[in-house]
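Visitor: Got a predicted structure plus its sequence, pasted below:
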There are 2 protein chains.
Amino acid sequence: MRSETYNHIPERVLMGPGPSDVPARVLEAMGRPTIGHLDPFFLSLMDQVAQRLRAVFCTTNAMTLAVSGTGSAGMETLAANLLEPADRALICINGVFGGRMRDVAERCGAQVETIEKPWGSVFDQDEVIDAMRRVGPKLVGIVHAETSTGAHQPIDRLGAAARDCGALLMVDCVTSLGGAPVRVDQWQIDAAYSGTQKCLSCPPGLSPITLGDRAVEAIDARRSRVQSWYLDLTMVRHYWGADRAYHHTAPINMLYALHEALGIVLEEGLEARWARHVEMHERLKAGLAPMGIDYVSDPAHSLPMLNAVGVPKGVDDAAARRRLLEEYGLEIGGGLGAFKGSAWRIGLMGHAATHRNVDLLLAALSRVLG
Amino acid sequence: MRSETYNHIPERVLMGPGPSDVPARVLEAMGRPTIGHLDPFFLSLMDQVAQRLRAVFCTTNAMTLAVSGTGSAGMETLAANLLEPADRALICINGVFGGRMRDVAERCGAQVETIEKPWGSVFDQDEVIDAMRRVGPKLVGIVHAETSTGAHQPIDRLGAAARDCGALLMVDCVTSLGGAPVRVDQWQIDAAYSGTQKCLSCPPGLSPITLGDRAVEAIDARRSRVQSWYLDLTMVRHYWGADRAYHHTAPINMLYALHEALGIVLEEGLEARWARHVEMHERLKAGLAPMGIDYVSDPAHSLPMLNAVGVPKGVDDAAARRRLLEEYGLEIGGGLGAFKGSAWRIGLMGHAATHRNVDLLLAALSRVLG
């Protein structure tokens, strides 16, 4: 019952929808001794985390921090702080995570209107803009990288349009941040959330968020308390901000890990990292084609870091994935929601987006399917 | 900007209100490679975590798990799942965390009645029982170990009384679990939450919770959706339960750490661990008395693991704590809320409750005050 359990942790190569493989430097950082959440050293580390997050989000937003929960907690943080009961929200749904956004917004008491697209496809930005004008929402929510379908949603024109309509644009970039461009300031995104366990290659447990001035103004103008105490940014910001007021105890060691993981991202450089993800995606795609494995996402809008492909005809989904795991220690993801049983999700995220991993997976797949 | 930051993490002895010092075994477990949240190995580790939590909570409750957030997220999870809008709640307040419980319950839409006691004192159980009978609440919330005042609230008779009134008893044992008896089944506690960074000596980031049959029935009988998606136990339980349905990505490495931390608690044995906390508390108290340092909590009801004492007259609170930190690497806590500036909070939690730490603190204090 002692440490032996950990000595038996199986050696995995994580090529599923996240978590992705974590670099040794990040694991080492996470295992450093815990110190206090109000220790001057820790507070300065938090400042560095916020600064590094700004660099990765391509923003100068003051309110940029890591929520003490996983990506879905980030989604809920933004929805609960930006929406009040009876506020109108427009949510764009083309997969599991758009659906989740609707659910979360409804639970915040918002009047939710949706527009939908078939799974695997993306919205034309003009469709979204038309819907914004029609609905006149306070908040428009859209998923940049739909992890359930592999669809890569164009969003660069939505922020300006939302501004014209007096709406706030909220973007889910859980899976894209650190693996594809997320230009918060240039694209005028008002609020974005992400996760640590995808292209940042940090263990799961935190959700980076960033909010622009208009989003902060909307929070300042609230007429009601935020329904979640834990996720209430009107208090959380005083801990991350200059007054350092205690709210809840931050997950200290997770923040050590995120600090290091962000350092690695910035050492590589965002442009180089984005290019590496595209290159590995193309290498994988080129290797899968001769095996008759096709993408279920629109080929013109496939994510580089999340490759959603059809399970080949006649192949037992679960049995094939089990063989990959047992014989190769290779994890790929099964389908989610409408794609359950019919799709595989192959992650090429952050540290795991290497030609070694791509070639290993192709070799293993051809054995398992052959 | 690389790993050097971590090489400079100051060496601390954590004797504040939490986090407490984390054993090397726990840090080592946390730094093991991340694997998938649906990996068969990880799922079996979760089962072991749940089983170990049952042992530490002294319960056989099936619904025993770790919420993916810190202790306050556990509080909110129970309140949000057990309360529906317009439900009546009775909250007992004698410090910051009782006040937080009221705030959280109100945000869940409950009609909250409170009873209050001066800071540092505890409720007579009969007072609480009388209030239950008068108010007729769905939920009674009380703090077992009030971290802001050091008061140790007797609760052993409240569960049976709540049952008689048709109410559910919710207990905050963030600071007591693993350091003092928390007998969930024997005391008929319907729902309890804790944190990992106090007497379990694990880094912060998870909140162990346990719910008995009556609490689970109340959730099953809900007429409305839980207002928090992230903390919705009607979904979270399917991931921790037999169907293993994906909800959100669990904080994998934090669960490695909790697994190991709980293993250490159970190796020592609960009775021995509780006795050690009392012994160290008495050693500290005996050493503080000659220095003229008194407890601000009722002497008959002082917590062993959280010693709230008055700042000696003429001493500059912040300056003294800064000297302890800078000259000795020793962290003790300042006062919170009504005790801000006038009290110190000395933690003797889990791994840090040793005579070495007690004697070091006494020696350092006498230098700093002398």
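Guide: Here it is on my side, so go on.
Visitor: Count residues in the vicinity of the residue of the stretch 251-370 of chain A found nearest chain B, would you?
Guide: Residue of the stretch 251-370 of chain A nearest chain B, by C-beta to the nearest C-beta: A:P251 (3.5 Å). All C-beta atoms are positioned from the backbone trio N, CA, C, and that covers glycine. A:P251 has 29 neighbours, counted by other C-beta atoms under 10 Å in any protein chain shown.
Visitor: just A:G150 next, same as before
Guide: Around A:G150 there are 31 other residues, counting by other C-beta under 10 Å.
Visitor: So what's the predicted local confidence for it?
Guide: The model reports A:G150 with a pLDDT of 97.
Visitor: Look up phi and psi at it.
Guide: phi 80, psi 10 (degrees, to the nearest 10).
Visitor: Now it. Nearest residue, chain neighbours left out?
Guide: A:A308 (3.1 Å; C-beta to C-beta, 6 or more residues apart in numbering or on different chains).
Visitor: Surely the one you found is in contact with A:D298?
Guide: No. A:A308 is beyond contact range of A:D298, at 10.5 Å (criterion: C-beta atoms under 8 Å).
Visitor: who touches both of those two?
Guide: Common neighbours of A:A308 and A:D298 are listed as A:120, A:151 (criterion: C-beta atoms under 8 Å, 6 or more residues apart in numbering or on different chains).
Visitor: Which of these two has more residues huddled nearby?
Guide: Comparing A:A308 with A:D298 by other C-beta under 10 Å, the one with more neighbours is A:A308, at 27 against 17.
Visitor: Which pLDDT does the model give the more buried one?
Guide: For A:A308, the pLDDT comes out at 98.
Visitor: now A:M63: how far from chain B?
Guide: Applying C-beta to the nearest C-beta, to the nearest Å, the value for A:M63 to chain B is 20 Å.
Visitor: Hmm, I typed the wrong one, I wanted A:I91.
Guide: Relative to chain B, A:I91 is positioned 13 Å away (C-beta to the nearest C-beta).
Visitor: Other residues contacting the strand or helix carrying that residue?
Guide: Assigned by DSSP states H and E, A:I91 belongs to strand A:88-93. Strand A:88-93 has contacts (C-beta under 8 Å, 6+ apart) with A:79, A:83, A:98-99, A:101-102, A:105, A:110-117, A:123, A:128, A:131-132, A:135-143, A:153, A:167.
Visitor: Separate out the buried members of the residues you listed.
Guide: A:79, A:83, A:98-99, A:101-102, A:105, A:110, A:112-115, A:117, A:123, A:128, A:131-132, A:135, A:137-143, A:153, A:167 (16 or more other C-beta atoms under 10 Å in any protein chain shown).
Visitor: Out of these, which sit inside strands?
Guide: Judged by DSSP state E, the buried ones among the contacts of strand A:88-93 include A:112-115, A:139-143 as members of strands.
Visitor: which of those sit farthest apart?
Guide: Distances among these were taken as C-beta to C-beta; the most separated pair is A:E113 and A:V143, at 16.2 Å.
Visitor: Which parts of the stretch 251-370 of chain A are strands?
Guide: Under the criterion DSSP state E, counting those that start in this stretch, the stretch 251-370 of chain A contains strands at A:306-310, A:330-331, A:333-334, A:343-347.
Visitor: contacting residues around the third one?
Guide: Outside strand A:333-334, the residues that touch it by C-beta under 8 Å, 6+ apart are A:16-17, A:317-318, A:321, A:340-341, A:343-347.
Visitor: re the thing from before, contact partners for the residue nearest to A:G150?
Guide: Going by C-beta under 8 Å, 6+ apart, A:A308 touches A:120, A:148-151, A:295-297, A:302, A:335, A:339, A:343-346.
Visitor: What residues are recorded as beta-bridge partners of it?
Guide: Per DSSP bridges, the residues bridged to A:A308 are A:R345.
Visitor: What count of nearby residues applies to A:S121?
Guide: Using other C-beta under 10 Å, A:S121 has 17 neighbouring residues.
Visitor: Can you tell me the SS state at it?
Guide: Under the three-state scheme (DSSP: H, G, I helix; E, B strand; the rest coil), A:S121 adopts coil.
Visitor: In chain A, what residue comes closest to chain B?
Guide: Nearest residue of chain A to chain B, counting by C-beta to the nearest C-beta: A:G31, 2.9 Å away.
Visitor: picking that back up, for the ones in strands among the buried ones among the contacts of strand A:88-93, please prepare JSON lines with the additional fields distance to A:V265 and pLDDT.
Guide: Shown next, in JSON lines, are these (distance: C-beta to C-beta, whole Å; pLDDT from 0 to 100):
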{"residue": "A:V112", "distance to A:V265": "34", "pLDDT": "98"}
{"residue": "A:E113", "distance to A:V265": "36", "pLDDT": "98"}
{"residue": "A:T114", "distance to A:V265": "33", "pLDDT": "98"}
{"residue": "A:I115", "distance to A:V265": "33", "pLDDT": "98"}
{"residue": "A:L139", "distance to A:V265": "29", "pLDDT": "98"}
{"residue": "A:V140", "distance to A:V265": "28", "pLDDT": "98"}
{"residue": "A:G141", "distance to A:V265": "25", "pLDDT": "98"}
{"residue": "A:I142", "distance to A:V265": "24", "pLDDT": "98"}
{"residue": "A:V143", "distance to A:V265": "21", "pLDDT": "98"}
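Visitor: rewinding a little: neighbouring strands - and their directions - for the strand holding A:I91?
Guide: As assigned by DSSP bridges, strand A:88-93 forms pairs with strand A:111-116 (parallel), strand A:139-143 (parallel).
Visitor: can I get the CA coordinates of that strand in PDB?
Guide: This file holds the C-alpha atoms of strand A:88-93, laid out as PDB (Å, rounded to 0.1, in the frame of the first residue of the first chain):
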ATOM      1  CA  ARG A  88     -29.500  36.600 -23.100                       C
ATOM      2  CA  ALA A  89     -26.700  34.300 -24.300                       C
ATOM      3  CA  LEU A  90     -26.000  33.000 -27.800                       C
ATOM      4  CA  ILE A  91     -24.100  29.700 -27.800                       C
ATOM      5  CA  CYS A  92     -22.700  28.000 -30.900                       C
ATOM      6  CA  ILE A  93     -22.900  24.200 -30.800                       C
END
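Visitor: Endpoints of stretch A:161-178, how far apart?
Guide: 25 Å (C-alpha to C-alpha, to the nearest Å).
Visitor: hmm, it touching chain B?
Guide: No. Judged by C-beta under 8 Å from any C-beta of the partner chain, stretch A:161-178 and chain B are separated, with a smallest distance of 9.5 Å.
Visitor: Tell me the gap between that stretch and the middle of its chain.
Guide: Distance, stretch centre to chain centre, for stretch A:161-178: 13 Å (C-alpha atoms, centre = their mean, to the nearest Å).
Visitor: which of the residues in it are buried?
Guide: Neighbour-count burial for stretch A:161-178 flags A:161-162, A:165, A:167-178 (criterion: 16+ other C-beta under 10 Å).
Visitor: same deal with stretch A:55-70?
Guide: Within stretch A:55-70, the residues scored as buried using 16+ other C-beta under 10 Å are A:56-59, A:61-70.
Visitor: Alright, I will stop here.
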